[in-house]
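Enquirer: Sharing a model prediction with you, sequence too.
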Amino acid sequence: MDMPWHQTLRLGTYLFKQKMLRREKYPIIVELEPLFACNLACAGCGKIAHPASVLKQRMPVEQAVGAIDECGAPMVSIAGGEPLMHKQIDEIVQRLLDKKKIVFLCTNAVLLPKHLHRFTPHRNFAFMVHIDGLRERHDASVSKEGVFDQAVDAIKQAQAAGFRVMTNTTFFDTDTPQDVIDVLDFLNDDLKVDNMQISPGFAYEKAPDQEHWLGVEQTRELFRKSFADGRRKKWRLNHSPLFLDFLEGKRDFDCTAWAVPSYSIKGWQKPCYLLEDGYVDTYRELIDDTDWDAYGRGKDDRCSNCMAHCGYEPTAVVATLGSLRETLRAAVSS
Ligand code: SF4
Ligand code: SF4
């Protein structure tokens with residue numbers, strides 16, 4: 001995984017401690033959603049379809065920080081909706097950094113230039129910009145022309161101001177291996193972002209576009225061809241080698257969604273941020289009240305096409321640390 005060394009060390013220490021404490025289920029990174037409102041309306045988005053009464057809600061700072069305190073995860077990914085539309089998002093970020101959390105702020109970047117002054121560069125903080133492809137592809141994905149150019153310009157402004165910038169790219173069945181290669185080459189070599197995350201699109205029940213999700217075999221073929229000729233090694237991908245093997249179909253894992261829980265204005269979401277089987281007030285209740293054996297591919301039909309990072313990357317990370325060979329491989333790849 002191409003994380004900075006101090007973050008890798010922090011994560012490794014945390015995971016080792018969980019092992020020593022013999023904890024079976026624990027959070028690694030929380031998907032914190034302090035609002036669902038957004039300034040865009042992407043076709044594949046399952047968040048903005050909430051009713052207006054929900055879209056206008058904002059999570060108070062104390063509630064956000066309290067939830068992260070209660071679960072104890074070392075990393076927080078703040079998403080939404082568009083987090084920059086939350087008036088106290090800078091305060092939430094700073095409070096989490098003060099608690100030595102590693103924080104990613106996910107954004108479509110349209111509002112980033114206007115809000116950049118609210119944040120300070122920090123070695124444990126990065127903007128995670130949503131870029132689904134090159135200009136035509138990204139603008140189609142977000143259903144609005146001009147957003148790709150706005151996002152690229154915002155990334156350059158953030159980099160110039162000294163911020164770490166990462167990207168998150170979701171692929172659909174309309175993407176070819178060459179599309180994957182072209183966008184990752186652009187982000188890696190031209191924009192020189194710090195790290196890139198990739199994800200096969202998941203069939204959110206609420207998303208307007210229900211036609212272009214990738215099946216498991218399609219996902220494996222897409223990434224096998226995209227990663228051919230050792231290409232994946234040159235990209236600064238924010239994933240463990242075992243998770244990339246999983247995407248290519250070289251390895252298979254069980255879902256461990258309890259490690260990437262989602263906390264939103266509705267509470268802790270059961271069982272993960274992709275499905276919506278109810279909400280509870282605490283992480284402890286999420287762990288205790290969820291029938292984890294009922295989820296994952298082969299167990300629940302809604303999981304059958306899921307190869308998402310939130311279900312399978314933690315399994316890969318734990319498997320990496322459980323094997324000296326894989327730990328060395330991850331170290332060499334970073
Ligand atoms: S930018 Fe993100 S939150 Fe907003 S509509 Fe698109 S996918 Fe949904
Ligand atoms: S397989 Fe995917 S959709 Fe199903 S519980 Fe795991 S992460 Fe959620």
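Expert: Sure thing, it's come through. Residues are numbered from 1 along each chain as shown. Ligands and ions are numbered 1, 2, ... in the order given.
Enquirer: Residues of the chain that sit close to ligand 1?
Expert: 38, 40-42, 45, 47-48, 80-82, 108, 130, 142 (C-beta under 6 Å from any ligand atom). For the C-beta atoms, the positions are set from N, CA and C on the backbone; glycine is no exception.
Enquirer: pLDDT, secondary structure and neighbour count added to these, as JSON lines?
Expert: Shown next, in JSON lines, are the residues of the chain next to ligand 1 (pLDDT from 0 to 100; DSSP: H, G, I helix; E, B strand; the rest coil; neighbours: other C-beta atoms under 10 Å):
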{"residue": "C38", "pLDDT": "96", "secondary structure": "coil", "neighbour count": "20"}
{"residue": "L40", "pLDDT": "95", "secondary structure": "coil", "neighbour count": "16"}
{"residue": "A41", "pLDDT": "90", "secondary structure": "coil", "neighbour count": "12"}
{"residue": "C42", "pLDDT": "86", "secondary structure": "coil", "neighbour count": "22"}
{"residue": "C45", "pLDDT": "79", "secondary structure": "coil", "neighbour count": "23"}
{"residue": "K47", "pLDDT": "82", "secondary structure": "coil", "neighbour count": "22"}
{"residue": "I48", "pLDDT": "82", "secondary structure": "coil", "neighbour count": "19"}
{"residue": "G80", "pLDDT": "88", "secondary structure": "coil", "neighbour count": "27"}
{"residue": "G81", "pLDDT": "93", "secondary structure": "coil", "neighbour count": "26"}
{"residue": "E82", "pLDDT": "97", "secondary structure": "coil", "neighbour count": "24"}
{"residue": "N108", "pLDDT": "97", "secondary structure": "coil", "neighbour count": "25"}
{"residue": "H130", "pLDDT": "96", "secondary structure": "strand", "neighbour count": "24"}
{"residue": "V142", "pLDDT": "93", "secondary structure": "coil", "neighbour count": "23"}
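Enquirer: The stretch 51-200 of the chain: helices as residue ranges?
Expert: 52-55, 61-71, 89-98, 112-115, 135-141, 147-160, 177-185 (DSSP state H, counting those that start in this stretch).
Enquirer: would you turn those into CSV with mean pLDDT and mean neighbour count?
Expert: Shown next, in CSV, are those (pLDDT from 0 to 100; neighbours: other C-beta atoms under 10 Å):
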stretch, mean pLDDT, mean neighbour count
helix 52-55, 93, 11
helix 61-71, 98, 17
helix 89-98, 98, 19
helix 112-115, 98, 16
helix 135-141, 95, 18
helix 147-160, 98, 18
helix 177-185, 96, 17
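Enquirer: For the spatially closest residue to R284 that is not a sequence neighbour, which residues are in contact?
Expert: Computed as C-beta to C-beta, 6 or more residues apart in numbering, the closest residue to R284 that is not its neighbour in sequence is E70, at 7.5 Å. Taking C-beta atoms under 8 Å, 6 or more residues apart in numbering, we find E70 in contact with T282, Y283, R284.
Enquirer: Show me what residue of the stretch 101-250 of the chain gets nearest to ligand 1.
Expert: N108 (3.8 Å; C-beta to the nearest ligand atom).
Enquirer: For this structure, which residues are neighbours of ligand 2?
Expert: Residues of the chain lying near ligand 2 (C-beta under 6 Å from any ligand atom): 255, 257, 271-272, 274-275, 295-297, 303, 306, 308, 310-311.
Enquirer: low-confidence ranges in the chain?
Expert: 1-2, 203-213, 322-334 (pLDDT under 70).
Enquirer: got the contact list for the longest strand along it?
Expert: In the chain, with assignment by DSSP state E, the single longest strand is strand 164-171. For strand 164-171, the surrounding residues in contact (C-beta under 8 Å, 6+ apart) are 44, 104, 106, 121, 123, 125-133, 141, 155, 158-159, 179-180, 183-184, 187, 191, 193-201, 214, 222, 238.
Enquirer: Show me which of those residues are buried.
Expert: Among those, those buried by neighbour count (16 or more other C-beta atoms under 10 Å) are 44, 104, 106, 125-133, 141, 155, 158-159, 179-180, 183-184, 187, 191, 193-201, 214, 222, 238.
Enquirer: Among those residues, which ones are in strands?
Expert: Per DSSP E, the subset of these in strands is 104, 106, 125-130, 195-200.
Enquirer: so D132 touches S141, yeah?
Expert: Yes - between D132 and S141 there is a contact at 3.8 Å, judged by C-beta atoms under 8 Å.
Enquirer: tell me the SS of the residue of the stretch 201-334 of the chain found nearest ligand 2?
Expert: Proximity to ligand 2, evaluated over the stretch 201-334 of the chain using C-beta to the nearest ligand atom, is greatest for G311 at 2.6 Å. Applying DSSP: H, G, I helix; E, B strand; the rest coil to G311 yields a three-state assignment of helix.
Enquirer: Next, count neighbours for the residue lying closest to it once chain neighbours are set aside.
Expert: Nearest residue to G311, sequence neighbours excluded (C-beta to C-beta, 6+ apart): C255, at 3.9 Å. C255 has 24 neighbouring residues, counting by other C-beta atoms under 10 Å.
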